[in-house]
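*Asks:* Return atomic coordinates for the entry below.
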Amino acid sequence: MKKDGIDSALRIIKQRGIKNGSLKKVRDLQDGYLKPGVKRRIREKEARKNSRKKERRERSYN
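*Replies:* The predicted structure follows:
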């Protein structure tokens with residue numbers, strides 16, 4: 001029983017960290033310094049991925 005409480009608490013903390021962006025910041029800091037061009041390519045890749053997700057969601061609602 002106690003383990004279920006810990007697991008659910010960790011899941012909630014992770015979800016909150018994803019929503020407010022703090023988890024992403026921590027992971028970015030772990031990578032160390034990235035060149036500006038590398039950062040740009042990563043941002044562009046994430047933007048493409050997010051736009052595809054958004055399109056899928058919109059299609060499923062219609």
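*Asks:* Of all the residues in the helix or strand hosting S51, which ones are buried?
*Replies:* Following DSSP states H and E, the helix or strand that holds S51 is helix 36-61. Of all the residues in helix 36-61, not one is buried under the rule 16 or more other Cβ atoms under 10 Å. All C-beta spots, glycine's among them, are computed from the backbone N, C-alpha and C.
*Asks:* Please report how far the spatially most central residue of the chain lies from R11.
*Replies:* Among the residues of the chain, the one closest to the centroid is I18, at 5.4 Å (Cα atoms, centre = their mean). Noted for I18: a distance of 11 Å to R11, by Cβ to Cβ, to the nearest Å.
*Asks:* now the helix holding S51, how far from the chain's geometric center?
*Replies:* Centroid separation between helix 36-61 and its chain, computed with Cα atoms, centre = their mean, to the nearest Å, is 12 Å.
*Asks:* Can you pull the domain assignment for the protein?
*Replies:* As given by automatic domain parsing, the domain ranges for the chain are 1-31, 33-62.
*Asks:* By mean pLDDT, show me the worst of those domains.
*Replies:* Lowest mean pLDDT of the domains of the chain: domain 1-31, a mean of 82.
*Asks:* chain center to that one, what's the gap?
*Replies:* That offset, for domain 1-31, works out to 11 Å (Cα atoms, centre = their mean).
*Asks:* likewise stretch 22-35?
*Replies:* 12 Å.
*Asks:* List the contacts of it.
*Replies:* K14, G17, I18, I42 (Cβ atoms under 8 Å, 6 or more residues apart in numbering).
*Asks:* Could you export that stretch as PDB, CA atoms only?
*Replies:* Taking Å, rounded to 0.1, in the frame of the first residue of the first chain, the C-alpha atoms of stretch 22-35 are listed here in PDB:
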ATOM      1  CA  SER A  22      11.100  22.900 -15.000                       C
ATOM      2  CA  LEU A  23      11.800  19.200 -15.800                       C
ATOM      3  CA  LYS A  24      12.900  20.200 -19.300                       C
ATOM      4  CA  LYS A  25      15.200  22.900 -17.900                       C
ATOM      5  CA  VAL A  26      16.900  20.400 -15.600                       C
ATOM      6  CA  ARG A  27      17.400  17.900 -18.400                       C
ATOM      7  CA  ASP A  28      18.800  20.700 -20.600                       C
ATOM      8  CA  LEU A  29      21.300  21.700 -17.900                       C
ATOM      9  CA  GLN A  30      22.500  18.100 -17.600                       C
ATOM     10  CA  ASP A  31      23.600  18.200 -21.300                       C
ATOM     11  CA  GLY A  32      26.000  21.000 -20.600                       C
ATOM     12  CA  TYR A  33      26.700  23.700 -23.200                       C
ATOM     13  CA  LEU A  34      25.200  23.400 -26.600                       C
ATOM     14  CA  LYS A  35      26.200  25.400 -29.600                       C
END
